[in-house]
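Participant: Need coordinates for the following:
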Amino acid sequence: MATVVLQPEERENAVVVLAKAIGFLALVEGFYWVVQNPLKERLEPSVKAALAPILGEYTSYWVVSALAFAAFNLLLTALVMRIFEHKSFSGIGLQNSLQGHDNFWKGIFVGFVPGMVLTFVLGAAGIWDTSSFPSFVSFAGLLLSGIATILALSGYSLQKLLDRFGPAPAIIIVWLVFNADYIVLRSQKGDWGALHGIPIVVLVKSVLGISVLAFAYMRTRSLWLPAGVYLGMMAAPTGGGTGIVLARWNYHLEVSNAGLYSLNVGLPACAITVIVGLLLAWFLSGAKAAPSRLSPWFYTGAWSLGSGLVLAVSIGRVREVILNPGTQLEPLGLVLIAVVACSSAVFLVLIYKMWAALQDGVETTTPGRAVGFLFIPLFNLFWLFKAVGGFPVAYNEYVQRHSLPLPKLASGLFYAYVLASLLAWVPLFGVFAAALAWVLGILVISQACNAVNALPQKNMTAVTPPPLAAKA
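Facilitator: A predicted model of the protein is given here:
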């Protein structure tokens, strides 16, 4: 029988890889420069005149340019993947899979939480006013610019360079090309240590961000995780994303957008990026888990994102009312209402699935009842203790009935979350209970998902309830 000898796959020529990667980034940066410079001078007045009633005077051109930038990067990526790699667009690392979606929400959680925690502290201290909230138009622009940046920083170029040259050269090349115009401009002006701008710190923040995205891609060989990390960091008010419109700086403090202590590009931003990288490394250090029935990352990521942004606004508004009792706060916009609705919907879906996992013919609380009774006014205040606080008791009884070798679920954490959630409605000072509820909620969701996922995948055989005692 003839032996088949497999030849090692021939590596692509280094010069060709460099040409492809640098060419891709050069086209991206070139298009961005054209849109933000010559085209802006010519088109911005007419765009504002035409779209200001719809998109707003100050955001109209920004949203249009973000849309153009995202469309260009998507089209360019699809073309280079088809022409040079003979793959579809999803070959960039966006295959539709449960594992990919799980990694995306893992990235959202890891990227969002560090900046959000810092926002709570700074908002309570009055260093940052978080009492306003962005519009739908601003959110759309931020999402579009985020998509464009993800494809530019962790897409085709970075992946080609990582595969051919390894992490360090890939990060340096992407960083140099992506910041080429900035480096040249600062070199010509000679203000590398200027008070307003701190260019060196900005460049350090850039290389740290690219390194985190590269690490996320290398560990998963997918674009889902770096995309989640970047969008999570953007969503936090301190991440330079929604912070542009969500928060207002107190300019008497040295925390301006261009300063050394800027939360967007200064030393705090560098520290946040490092913390995100360390958290990512910690969460990725364990064994790779298969997709489960209840994704802890989806529920913790989506819920913490929505409730965290609402809490940030609440902190700012409560502080404003306490310090300035006569202040008339602007009404909460539709975006905030939508965020609250989405966050609540995610939590209700989780409650439904938690109780659905315990249905064996004995458990009397059905999934529909667990969720439906939460919509009954006043009674829902009591029912919350049953639907959420009582879940560990029902879970432990289910485990005992079926003799499953699983650890018991502690009730204290669940009841503490319910109590903190109710105290959050106390005027003014309830915001501190809301902050506690945000932290406890993340822990409760994580424990509930892990507990349900530990149960056998197949439905357990129905258990016959014990007979009622005969009447005397």
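Participant: ranges for the helices of the stretch 251-400 of the chain?
Facilitator: According to DSSP state H, counting those that start in this stretch, the stretch 251-400 of the chain carries its helices in the segments 267-283, 296-323, 334-356, 367-372, 379-384, 391-401.
Participant: Minimum distance to Leu25: which of those has it?
Facilitator: Of all those, it is helix 267-283 that lies closest to Leu25, at 20.6 Å by Cβ to Cβ. C-beta: built from backbone N, CA, C; applies to glycine.
Participant: which residues of the stretch 351-472 of the chain score low on pLDDT?
Facilitator: Within the stretch 351-472 of the chain, the stretches with pLDDT under 70 are 428, 458-472.
Participant: can we see that at 90?
Facilitator: Along the stretch 351-472 of the chain, segments meeting pLDDT under 90 span 360-364, 378, 424-435, 456-472.
Participant: Repeat that for the stretch 51-200 of the chain.
Facilitator: 51-67, 96-99, 111-149, 152-154, 175-200.
Participant: in it, which spans are helices?
Facilitator: 60-83, 98-125, 136-154, 156-165, 167-178, 180-189, 199-220.
Participant: domain ranges for this structure?
Facilitator: What automatic domain parsing lists as the domains of the chain is 14-291, 328-454.
Participant: Just name the most buried of the ones you listed.
Facilitator: domain 14-291 (a mean of 18; mean count of other Cβ atoms under 10 Å).
Participant: As JSON lines, the helices of the stretch 251-400 of the chain with distance to Gln95 would be great.
Facilitator: JSON lines is the format used below for the helices of the stretch 251-400 of the chain (distance: least, Cβ to Cβ, whole Å):
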{"stretch": "helix 267-283", "distance to Gln95": "21"}
{"stretch": "helix 296-323", "distance to Gln95": "17"}
{"stretch": "helix 334-356", "distance to Gln95": "24"}
{"stretch": "helix 367-372", "distance to Gln95": "32"}
{"stretch": "helix 379-384", "distance to Gln95": "40"}
{"stretch": "helix 391-401", "distance to Gln95": "35"}
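Participant: so which of these gets nearest Trp224?
Facilitator: helix 296-323 (10.9 Å).
Participant: Out of the helices of the stretch 51-200 of the chain, the one nearest Trp438 is which?
Facilitator: Nearest to Trp438, of these and by Cβ to Cβ, is helix 98-125 at 8.3 Å.
Participant: Please name every helix or strand in contact with that closest one.
Facilitator: Using 3 or more Cβ pairs under 8 Å, 6 or more residues apart in numbering; DSSP states H and E, the elements in contact with helix 98-125 are strand 128-129, helix 224-235, helix 267-283, helix 296-323.
Participant: repeat that with 10 Å
Facilitator: strand 128-129, helix 199-220, helix 224-235, helix 243-246, helix 267-283, helix 296-323, helix 430-454 (3 or more Cβ pairs under 10 Å, 6 or more residues apart in numbering; DSSP states H and E).
Participant: can I get the domains of the chain in TSV with distance to Ile315?
Facilitator: Shown next, in TSV, are the domains of the chain (distance: least, Cβ to Cβ, whole Å):
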stretch	distance to Ile315
domain 14-291	4
domain 328-454	6
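Participant: ok so, going back, Glu397: which of the helices of the stretch 51-200 of the chain is closest?
Facilitator: Once these are compared by Cβ to Cβ, helix 98-125 is nearest, at 29.7 Å.
Participant: what's the angle from the closest one to helix 267-283?
Facilitator: 140 degrees (axes from the mean of the first three to the mean of the last three Cα atoms, to 10 degrees).
Participant: what angle sits between helix 98-125 and helix 199-220?
Facilitator: Using the same axes, to 10 degrees, helix 98-125 lies at 150 degrees relative to helix 199-220.
Participant: Quick one: distance of helix 98-125 to the chain centre.
Facilitator: Centroid separation for helix 98-125 versus its chain: 5 Å, with Cα atoms, centre = their mean, to the nearest Å.
Participant: isn't Lys160 right up against Asn13?
Facilitator: No. Here Lys160 does not reach Asn13: they are 11.8 Å apart, not a contact under Cβ atoms under 10 Å.
Participant: Just the endpoints, please. Distance across stretch 351-366?
Facilitator: Stretch 351-366 stretches 11 Å from its first residue to its last (Cα to Cα, to the nearest Å).
Participant: looking at the helices and strands packed on helix 98-125, which has the lowest confidence?
Facilitator: Ranked by mean pLDDT, these bottom out at helix 243-246, which scores a mean of 34.
Participant: Need the helices and strands packed on helix 98-125 in TSV (columns: distance to Gly412).
Facilitator: Shown next, in TSV, are the helices and strands packed on helix 98-125 (distance: least, Cβ to Cβ, whole Å):
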stretch	distance to Gly412
strand 128-129	34
helix 199-220	35
helix 224-235	30
helix 243-246	34
helix 267-283	25
helix 296-323	19
helix 430-454	10
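Participant: related to what we said a few turns ago, out of the helices of the stretch 51-200 of the chain, which comes closest to Tyr417?
Facilitator: It's helix 98-125; of these, that one is closest to Tyr417 (Cβ to Cβ) at 17.0 Å.
Participant: Of the helices and strands packed on helix 98-125, give the one that comes closest to Tyr61.
Facilitator: Nearest of those (Cβ to Cβ): helix 243-246, 14.6 Å.
Participant: do you know which of the helices of the stretch 51-200 of the chain lies nearest Ala269?
Facilitator: It's helix 199-220; of the helices of the stretch 51-200 of the chain, that one is closest to Ala269 (Cβ to Cβ) at 5.1 Å.
Participant: What is the distance between that closest one and the centre of its chain?
Facilitator: Taking mean C-alpha positions (Cα atoms, centre = their mean), helix 199-220 and its chain are 17 Å apart.
Participant: Next: stretch 421-440.
Facilitator: How far stretch 421-440 lies from its chain's middle: 23 Å, per Cα atoms, centre = their mean.
Participant: Kindly check the end-to-end length of that stretch for me.
Facilitator: Terminal-residue distance, stretch 421-440 (Cα to Cα): 9 Å.
Participant: Check whether Asn396 really touches Glu363, as I assumed.
Facilitator: No. If you go by Cβ under 10 Å, Asn396 and Glu363 don't touch, sitting 11.9 Å apart.
Participant: Could you find the closest non-adjacent residue to Gly93?
Facilitator: Spatially, and ignoring its direct neighbours in sequence, Gly93 is nearest to Leu223 (3.5 Å; Cβ to Cβ, 6 or more residues apart in numbering).
Participant: Now Phe385: closest residue in space, sequence neighbours ignored.
Facilitator: Val418 (5.5 Å).
Participant: In TSV, list the helices of the stretch 51-200 of the chain along with distance to Arg317.
Facilitator: Shown next, in TSV, are these (distance: least, Cβ to Cβ, whole Å):
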stretch	distance to Arg317
helix 60-83	26
helix 98-125	10
helix 136-154	19
helix 156-165	41
helix 167-178	38
helix 180-189	37
helix 199-220	30
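Participant: among those helices, which is nearest Phe283?
Facilitator: Closest among those, once you apply Cβ to Cβ, is helix 98-125, at 6.3 Å.
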